[in-house]
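Q: Below are the sequence and a predicted model; questions follow.
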Amino acid sequence: MSLAPLPLSTQVTVLRGLGPARAAALQEAGIGTLRDLLWSLPFRYVDRGSLQHLGSLERRGFEGPDEGFGLRPSPSWGAGGGRRATEGSGRSPSDGMEGGIVTVLGTLQDLRQSTTRVQRMALTEALLVDGTGTLRLIWFNQPYLGRSLKVGDRLLAFGPVVLGRHGLEMRSPQFELLGRGEETPWVRRFLPLYRKLGPLPGRARQRLAAEALARAHPPEEWLPLDLSRDLPDTLAALRLLHEPPDDSDPRALEEGTTPAHQRLAAEELFAFALGVALRRAGRLRRKGLVVPTSPDLRERLKAYLPFPLTGAQRRAFKEIVEDLTSGRVMNRLLQGDVGSGKTLVAFLSLAMVAETGGQGALLVPTEVLARQHAASFQRLLGPESGTMQLLLGGMKAAEKREALARIASGEARYVVGTHALFQESVAFHQLQLVVVDEQHRFGVKQREALKEKGGDPHWLVMSATPIPRSLALSIFGDLDQSVLDELPPGRQPIATKLLHPAQAEVAWGLVARELAAGRQAFVVSPAIDPSDGGSISGSQGRPGDARSAAFDGGKVQLRDIQAMEKLLRARFPDTELAVVHGRLKADELATRMGRFVRGEAGILLATTVVEVGVDVPNATVMVVDHAERFGLSQLHQLRGRVGRGAHASQFVMLSASEAQRLAVLVATQDGFRIAQKDLELRGPGEFFGVRQAGLPQFQAADLVRDRALLLRCREAADRALQLGLSERQLDWLRREQTRLRLADVS
Ligand code: ADP
Ligand code: MG
């Protein structure tokens, strides 16, 4: 066998022990080269030092319910629901999340499948033995386990241990199959765990990684010295993470903060930062259309204002005007908490170009919102409202033709619309500014599409979810930023409550009181995925994710929107109810929303269709059912739907779990703080809720955890750009950008 070291760009198929089916499974997961293979890190490590003998569990278990690993049925086991649940807030043992998880290793001795009598749930029970004692393992609603597990399997299991009717039991454990029949020798202290990929078990991935490490050639160094100085080199780092030495710090390994993690993260973040810096440099070289200003224009804009701008609005608008008159292309992010008045800033910016002979477009994510913005633009424009044109995907053919003609001729100077705006049939006369409301749903691609039509318009993105400033700077480093950090005067705080579903009558009492006073109410039900089968687990972690599956304890019965509708009709028989959800046709949705907006319906029962932007000042109370199903920022957005008028407003969350997480909303109304917390709990991927938003797909780096490192990478990237990049560096950067799925370098 040849022992020549292999470059990391070698295809994984050179590895022994990799048949075609397994190679295909790797390929499918995007793992083509040794580099890809080695950068797919273990998702967790088992510290053999923390393994518990089953016998010791039994002894400790009976010493008393407060001992060690949470024998109390802890309500917070349903908490978290994200991959970072055990980090951040879950770290302290006193809050019961991490404290309850036990790791055991044993052989399956007995396995049975049954159905629970009351709730008709599939129940899988197994008996684990390890020579010192036994432990019952129990899974709910996972009948396939009865087929995939066999007596004689060696299992590494993690989960909460509770005292059940038949003694100690581990509920819904996450587990790793260590082998069948054979004794697996395991002499190192840390056992890395890999996710199963199709037909490729985690153990096989470990063996492949070991082989790759043994045969790989050290790659070239791309990091500048000031980043790499205190870190192991790439190959050493990979070795430290796939085969952690016994003296590794278990906590740093688990949290991803070892120097080896930092090395890999630095490589990804440096490539990312360099790409951002290049894009920004490219944009600053592009010529932008200069919007002419004059004192006369200023007077005309002022005349449109229904109320004086807040200080923050004035600052933001000034920054925008500077951009529009600078001769460079604007690319700006306007951030502000819900209700901070972003729309008015957007309107003024659009008026700048509309009043000087150009066209401006406002893009929004939904038709409901488009209609609403169009209506408020019409109010602001008054006698000039004829210059505004609405464009929706669902328009009738004739209506649409007319709209398109008005846009093409330039007669429509303000265009408000949804994605329909991006279709090829839309031609603008003189598109100079695009404002995008709720950035996360409009990706880079659409911008390119528009760019092709209107040349290179100025671009203003409004974020509905505020992002902590330092993070936004790092992620959207090629955007300039304006922040509305001030609410318009006279806003009343929204009284926020968290109630257990058993106290729901308190919430309905509040609703009844508001209705009696002539106000209106929102009731929000979580959108239901049919695969939930009417019941949900306490957490929504991805399958196979140890940290969430382990919390999969008791199932909660989910009340869907139909059940809620029935409840509301019974509780409020004299109130008209409008029910809206994502599966309604656009015109039906608009009709029902219209009834609520006009005050004809007293209660709007909705899924998160109402999340963004709906403005009904007479609505003063919102009740969110199953609040645990929502992200914190999402709840904060929902809350922003009330408290828009002169009346005091209330926001009530109903939930049987995750009290600790939801309490953040009770404690603060500051959207930036809530977003920060949300990010910490869910991680950036889920927080931003998207892959298509152009967020990089890091394997080692974490935008939240590695914030400080990212800042250093930005500085290093700026320095590197000043020095100029060599062709080889550019090649490397292009490869990295493709791998991280970043937008083009050019
Ligand atoms: P968001 O930033 O969430 O999009 P909106 O633009 O919808 O906020 O504004 C929220 C409410 O505040 C609207 O009813 C709007 O008319 C009002 N508003 C905006 N700016 C001001 C201001 N300067 N003074 C008073 N009210 C304002
Ligand atoms: Mg808005």
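A: Arrived safely. Ligands and ions are numbered 1, 2, ... in the order given.
Q: List the contacts of residue 715.
A: Listed by C-beta atoms under 8 Å, 6 or more residues apart in numbering, residue 715 has no contact partners. In short, each C-beta sits where N, CA and C put it, glycine included.
Q: any idea of the mean pLDDT in the helix or strand hosting it?
A: Secondary structure assignment for residue 715, by DSSP states H and E: helix 707-723. Across helix 707-723, pLDDT averages out at 91.
Q: can you pull the buried residues of it?
A: Under the neighbour-count criterion of 16 or more other C-beta atoms under 10 Å, helix 707-723 has 709, 710, 712, 713, 714, 716, 717, 718, 720 buried.
Q: just these now: which is nearest residue 657?
A: Nearest to residue 657 among these: residue 710, at 33.3 Å, using C-beta to C-beta.
Q: for the closest one, what are its contacts?
A: For residue 710, the residues meeting the contact criterion (C-beta under 8 Å, 6+ apart) are 269, 272, 273, 474, 701, 703.
Q: Using a markdown table, lay out the residues you listed together with secondary structure and neighbour count.
A: Putting these into a markdown table (DSSP: H, G, I helix; E, B strand; the rest coil; neighbours: other C-beta atoms under 10 Å) gives the following:
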| residue | secondary structure | neighbour count |
| --- | --- | --- |
| 269 | helix | 30 |
| 272 | helix | 27 |
| 273 | helix | 23 |
| 474 | helix | 22 |
| 701 | coil | 25 |
| 703 | coil | 22 |
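Q: So which of those residues reach ligand 1?
A: Restricting those to those adjacent to ligand 1 (criterion: C-beta under 6 Å from any ligand atom) removes every one of them.
Q: Any buried residues in the longest strand seen in the chain, and which?
A: Longest strand in the chain by number of residues, with DSSP state E as the criterion: strand 101-115. Burial within strand 101-115, assessed by neighbour count using 16+ other C-beta under 10 Å, is assigned to 101, 102, 103, 104, 105, 106, 107, 108, 111.
Q: What is the nearest of those residues to ligand 1?
A: residue 101 (40.1 Å; C-beta to the nearest ligand atom).
Q: can you pull up the bridge partners for that closest one?
A: With beta bridges defined as DSSP bridges, residue 101 has these partners: residue 160.
Q: Mind pulling up the pLDDT for it?
A: In this prediction, residue 101 carries a pLDDT score of 72.
Q: Repeat that for residue 556.
A: The per-residue pLDDT reported for residue 556 equals 52.
Q: likewise residue 187?
A: For residue 187, the pLDDT comes out at 60.
Q: cool, and residue 453?
A: At residue 453, the model reports a pLDDT of 61.
Q: hang on, the earlier thing: quick one: list the elements packing against the longest strand of the chain.
A: Here strand 101-115 touches helix 54-63, strand 122-129, strand 134-140, helix 145-148, strand 153-164, going by 3 or more C-beta pairs under 8 Å, 6 or more residues apart in numbering; DSSP states H and E.
Q: what's the spacing between the shortest one and its chain's center?
A: Between the centre of helix 145-148 and the centre of its host chain there is 32 Å, according to C-alpha atoms, centre = their mean, to the nearest Å.
Q: Touching that helix from outside, list them.
A: The contact list for helix 145-148, computed with C-beta under 8 Å, 6+ apart, reads 111, 112, 113, 124, 139.
Q: got a list of what the residue lying closest to residue 315 once chain neighbours are set aside touches?
A: Spatial nearest neighbour of residue 315, excluding adjacent residues (C-beta to C-beta, 6 or more residues apart in numbering): residue 482 at 7.1 Å. With contact set as C-beta under 8 Å, 6+ apart, residue 482 has these partners: 315, 316, 319, 320, 332, 333, 334, 335, 345.
Q: Which one of those sits in the busiest neighbourhood?
A: Compared across these, residue 316 has the highest neighbour count, 30 neighbours, by other C-beta atoms under 10 Å.
Q: Pull out the buried residues from stretch 376-394.
A: Of the residues in stretch 376-394, 376, 377, 378, 380, 381, 384, 387, 388, 389, 390, 391, 392 count as buried by neighbour count, 16+ other C-beta under 10 Å.
Q: swap in stretch 285-301?
A: Under the neighbour-count rule (16+ other C-beta under 10 Å), stretch 285-301 has 288, 289, 291, 301 buried.
Q: now for it, what's the gap between its first and last residues?
A: Stretch 285-301 has its terminal residues 30 Å apart, counting by C-alpha to C-alpha, to the nearest Å.
Q: So what touches it?
A: The list of residues contacting stretch 285-301 from outside it, by C-beta under 8 Å, 6+ apart, reads 321, 323-330, 348, 351-353, 355-356, 358, 432, 455-458.
Q: same thing but at 10 Å, please
A: The set of residues external to stretch 285-301 that reach it, using C-beta atoms under 10 Å, 6 or more residues apart in numbering, is 317, 320-321, 323-331, 347-349, 351-353, 355-358, 384, 430-433, 455-459.
Q: Emit the ChimeraX select command for whichever of these are buried.
A: Buried members of those can be picked out in ChimeraX with the line below, counting by 16+ other C-beta under 10 Å:
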select :317,320,321,323,324,325,328,329,330,331,347,348,349,351,352,353,355,356,358,384,431,432,433,456,457,458,459
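Q: pretty sure residue 577 contacts residue 561?
A: No: taking C-beta atoms under 10 Å as the contact criterion, residue 577 and residue 561 are not neighbours in contact, 11.5 Å apart.
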